[in-house]
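Asker: Quick one: sequence and predicted model below, then my questions.
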Amino acid sequence: MEKMFKKIFDKKHISRTVSYLIVIVGYIIIQLMMNTVGIKNLFKSLLVPTCCYIVAALSLNLVVGVSGELSLGHSGFMSVGAFAGILVSGLLEPYLAMGWLRLLIAMLVGGVIAGIVGLLISIPVLKLQGDYLAIVTLAFCQIIKSLLNNIYLGVDNNGLHFSFVQNKVVLSNGGRMLLSGPMGATATTRLATFTAGFLLILFALLIIYNLTYSRFGRTIMAARDNRIAAESVGIHIRNTKMLAFVISAILAGMSGALFGLNYSTLQPAKFDFNLSILILVYVVLGGLGNMTGTIFATIILYVLPELLRGLQDYRMLIYSMILILIMLVTNNQSLKEKVEALILKIKTRFLKKGSVAND
Amino acid sequence: MTKLVQYPSGAYVLERDAYSTPVLETYHLGIDFGGLSAVNNFNIIVGPTEISGLIGPNGAGKTTVFNLLTKVYQPSKGTILVNGHDTSKMTTVDVNKAGVARTFQNIRLFEKMSVIDNVKVAMNNSMHYNPLSAIFRTPKYYREEKRIHQKALELLDIFNMSDLANTEAGSLPYGAQRRLEIVRALATKPSLLLLDEPAAGMNPNETKELMATIRNIRDKFNIAIILIEHDMSLVMNICEGIAVLNYGRIIAKGTPKDIQNNPVVIEAYLGKPEKED
Ligand SMILES: Nc1ncnc2c1ncn2[C@@H]1O[C@H](COP(=O)(O)OP(=O)(O)OP(=O)(O)O)[C@@H](O)[C@H]1O
Ligand SMILES: [Mg+2]
């Protein structure tokens, strides 16, 4: 018993304990408020997306913070997960009445498909010694968006109808459009709930922490800290980084599915480059490799600007002031070094692609 | 004293190792860096329990030889055999699996990880559980983690480092960092250990300790060791065979005694006596 207690609160595991605690306590408080005093509709509408962004940011931190690779296309995986989830849920609707089960299946399928896409991307890219992941993920995010912008998919009694051209999809009576090009999904049955979001965050934390405190976490961090040394003790760098990347893609896909099933309409353009950068900002400001910080940064940086909508023009002013404030508050040496390293990394990646540093 | 015997190829091995497969053989090993031939026609044979030295002036190509042996660099020509298996086409990872582990001239620890985690990383390939086991914390995960924790502690204990197990590797004093690099290399269970200037930056006392440690490693783990070193007293004291490198070529091979008295070696280190024309 005492040993267990020690394990939960010792230095190594304290941040893990704190993350679980704040998520659980936060959930309980919000649930209590909803059931007693009630909360504003605006605030209520932010609950599910906040959960989704937290999971997306946590999973991105696994790639950027823990495995030390820069990914600029995380919203692409959310997109894949979202539309895969919407399709699955839409197709199952006539056969499966239970909403939560359909949501669960949709999230699992969204995660798996995003994971497969992540695997396909990482096989060629992580094979290269240079830092090409940032460029390829950026392109991937754009490609997914363009692709979805041109997909028309409908279902009727005769099955699925697919085309890259709008007028080609002709449905018989009772048929439904599942994807309509740039309009995206237009008639999704909303299934997402705050509880599902809460459980997804717990699931993401479980996966990330348990992976980090295992032989895989050790090799992922070793490959990040010193590639040559890691290889010299038999660590296969590509496989190691691929594991982090694919798991991150799976979690992003699941968060995307939950996000997609939270709205009756969803356009592919929602998951653009800006969203990827936004999530990256949550990660960097929350602290590389710091999951608790990521949760806080996401909540503050996503929820506050939304709540400030009433202030109209002053909104972005206040938002930027909050950004600066957070930077000052978190401006300790270690974080500073990390941010500097990241900036340097981005610079060297984009400015001096050709020259690879010599050992 | 140990005696060297000569193979038909011209390579020397210890008499006691003469009838077993050498742990390392290289034939015509060489690499060019854009015209500059950093290592050329490098031939050595190392017996399975030999402590041998690789010496030579700065820039002679010693570290480059280690980088070739561990495939950090791709050889331009030549063959490398480890325990009789050709490793010259392998990756660094596979060379390690074939039994070669090393330390680095400029220390390369996983600085932000704890001392024991540095060792556990190196034991990773002897661990058997998959990512799902890790994520869902199956009994196998706990069993394997416990086993490896014990093993890592035991190994650290041999080097009097078990009380530092939870210290961050990067915050260790210099000497301890060098020691940890050796421990980490040994954790991969090599049959050949390559030490690149293990005594660099050490005071005479630490160097003395290191000598005992290196002998201990050989006797305890029954492996071969090649060390690059500028500290001649250390080299002459513990190495059984020595190869001298200059401008990427081996200019002399033999026992410490042969090397000490070899005029070619003395010339390489001190420069040619000036001729008066
Ligand atoms: N990656 C590289 N590219 C170009 N030249 C290199 C490279 N690595 C080593 N060299 C050159 O090869 C030669 C041998 O270098 P090496 O580091 O092997 O010397 P060394 O014998 O280990 O010297 P020291 O005793 O100073 O460590 C040097 O001239 C060095 O500049
Ligand atoms: Mg050197």
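Answerer: Great, that's in hand. Residues are numbered from 1 along each chain as shown, chains lettered A, B, ... in the order given. Ligands and ions are numbered 1, 2, ... in the order given.
Asker: can you tell me which residues contact residue B:178?
Answerer: Going by Cβ atoms under 8 Å, 6 or more residues apart in numbering or on different chains, residue B:178 touches B:103, B:107, B:198, B:200-202. Glycine gets a C-beta too; all of them are placed from N, C-alpha and C.
Asker: one more time with 10 Å, if that's ok
Answerer: Going by Cβ atoms under 10 Å, 6 or more residues apart in numbering or on different chains, residue B:178 touches B:103-104, B:107, B:109, B:172, B:195, B:197-202, B:206, B:210.
Asker: Spell out which parts of the stretch 101-250 of chain B neighbour ligand 1.
Answerer: residue B:105 (Cβ under 6 Å from any ligand atom).
Asker: Any idea how many residues pack against the closest residue to ligand 2 within the stretch 101-250 of chain B?
Answerer: Taking Cβ to the ion, ligand 2 has its nearest neighbour within the stretch 101-250 of chain B at residue B:105, 4.6 Å off. Using other Cβ atoms under 10 Å in any protein chain shown, residue B:105 has 14 other residues around it.
Asker: isn't it right up against residue B:196?
Answerer: Yes - between residue B:105 and residue B:196 there is a contact under Cβ atoms under 10 Å: 4.3 Å.
Asker: any idea which helix or strand comes after the helix or strand containing residue A:292?
Answerer: Element membership for residue A:292, per DSSP states H and E: helix A:291-298. Using DSSP H and E, the helix or strand that directly follows helix A:291-298 along the chain is helix A:304-307.
Asker: packing partners for that following helix?
Answerer: helix A:41-61, helix A:314-329 (3 or more Cβ pairs under 10 Å, 6 or more residues apart in numbering or on different chains; DSSP states H and E).
Asker: Pipe those helices into TSV and attach mean neighbour count, distance to residue B:26 and mean pLDDT per row.
Answerer: Output for the helices and strands packed on helix A:304-307, formatted as TSV (neighbours: other Cβ atoms under 10 Å in any protein chain shown; distance: least, Cβ to Cβ, whole Å; pLDDT from 0 to 100):
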stretch	mean neighbour count	distance to residue B:26	mean pLDDT
helix A:41-61	23	45	93
helix A:314-329	12	54	69
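Asker: Out of the ones you listed, the one nearest residue B:17 is which?
Answerer: When the helices and strands packed on helix A:304-307 are compared by Cβ to Cβ, helix A:41-61 sits nearest residue B:17, at 51.8 Å.
Asker: do the closest one and chain B meet?
Answerer: No - Helix A:41-61 lies apart from chain B when judged by Cβ under 10 Å from any Cβ of the partner chain; the minimum separation is 13.5 Å.
Asker: which helices and strands sit right next to that helix?
Answerer: Using 3+ Cβ pairs under 10 Å, 6+ apart, helix A:41-61 sits against helix A:14-35, helix A:74-92, helix A:194-212, helix A:237-260, helix A:273-286, helix A:291-298, helix A:304-307.
Asker: and the longest one, which residues are buried?
Answerer: Okay, so that is helix A:237-260. Buried residues in helix A:237-260, counted by 16 or more other Cβ atoms under 10 Å in any protein chain shown: A:237-238, A:240-260.
Asker: before we move on, what about stretch B:227-243?
Answerer: Quick answer for stretch B:227-243 (16+ other Cβ under 10 Å): B:227-229, B:231, B:234-236, B:238-243.
Asker: Let's see which of the residues you listed end up in helices.
Answerer: Among the buried residues of stretch B:227-243, the residues falling in helices (DSSP state H) are B:234-236, B:238.
Asker: ok, back up a step: now tabulate the buried residues of stretch B:227-243 in a markdown table and tack on distance to residue A:344.
Answerer: Converted to a markdown table, those look like this (distance: Cβ to Cβ, whole Å):
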| residue | distance to residue A:344 |
| --- | --- |
| B:227 | 35 |
| B:228 | 32 |
| B:229 | 35 |
| B:231 | 37 |
| B:234 | 39 |
| B:235 | 40 |
| B:236 | 45 |
| B:238 | 42 |
| B:239 | 42 |
| B:240 | 47 |
| B:241 | 45 |
| B:242 | 43 |
| B:243 | 41 |
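Asker: Please identify which of those is nearest to ligand 1.
Answerer: residue B:228 (6.6 Å; Cβ to the nearest ligand atom).
Asker: beta partners for the closest one?
Answerer: Residues in a beta bridge with residue B:228, per DSSP bridges, are residue B:54, residue B:196.
Asker: and residue 117, what element?
Answerer: In the absence of a named chain, chain A is used. With DSSP H and E as the test, residue A:117 turns up in helix A:99-125.
Asker: Sorry, I should have been clearer: chain B.
Answerer: Assigned by DSSP H and E, residue B:117 falls in helix B:115-122.
Asker: how near is whichever residue of the stretch 1-150 of chain B sits closest to ligand 2 to residue A:28?
Answerer: Distances between the stretch 1-150 of chain B and ligand 2 by Cβ to the ion are smallest at residue B:63, namely 3.1 Å. Counting by Cβ to Cβ, to the nearest Å, the gap from residue B:63 to residue A:28 is 59 Å.
Asker: Same question for residue B:200.
Answerer: From residue B:200 across to residue A:28, the span is 58 Å (Cβ to Cβ).
Asker: And those two? Which one has more around it.
Answerer: Under the neighbour definition other Cβ under 10 Å, residue B:200 and residue A:28 were set side by side, and residue B:200 has more, 16 against 11.
Asker: May I ask you to confirm that that one belongs to a helix?
Answerer: No - the assignment for residue B:200 is coil, going by DSSP: H, G, I helix; E, B strand; the rest coil, so no helix is present there.
Asker: where does chain A have low pLDDT?
Answerer: Across chain A, the ranges flagged by pLDDT under 70 are A:1-12, A:129-130, A:310-312, A:315-316, A:325-340, A:343, A:347, A:349-359.
Asker: Remind me which helix or strand residue A:344 belongs to.
Answerer: helix A:333-351.
Asker: domain assignment for chain A?
Answerer: Annotated domains of chain A cover A:43-307, A:315-359 [automatic domain parsing].
Asker: from what I can see residue A:200 touches residue A:250, true?
Answerer: No - using Cβ under 10 Å as the test, residue A:200 is too far from residue A:250 to be in contact (11.6 Å).
Asker: Mutual contacts of these two, please.
Answerer: Joint contacts of residue A:200 and residue A:250 (Cβ under 10 Å, 6+ apart) are residue A:111.
Asker: looking at the domains of chain A, which is buried most?
Answerer: Scoring the domains of chain A by mean neighbour count under mean count of other Cβ atoms under 10 Å in any protein chain shown gives domain A:43-307 as the most buried, with a mean of 21.
Asker: gap between the spatially closest residue to residue B:162 that is not a sequence neighbour and chain A?
Answerer: Spatially, and ignoring its direct neighbours in sequence, residue B:162 is nearest to residue B:156 (4.4 Å; Cβ to Cβ, 6 or more residues apart in numbering or on different chains). From residue B:156 over to chain A the distance is 15 Å, taken as Cβ to the nearest Cβ, to the nearest Å.
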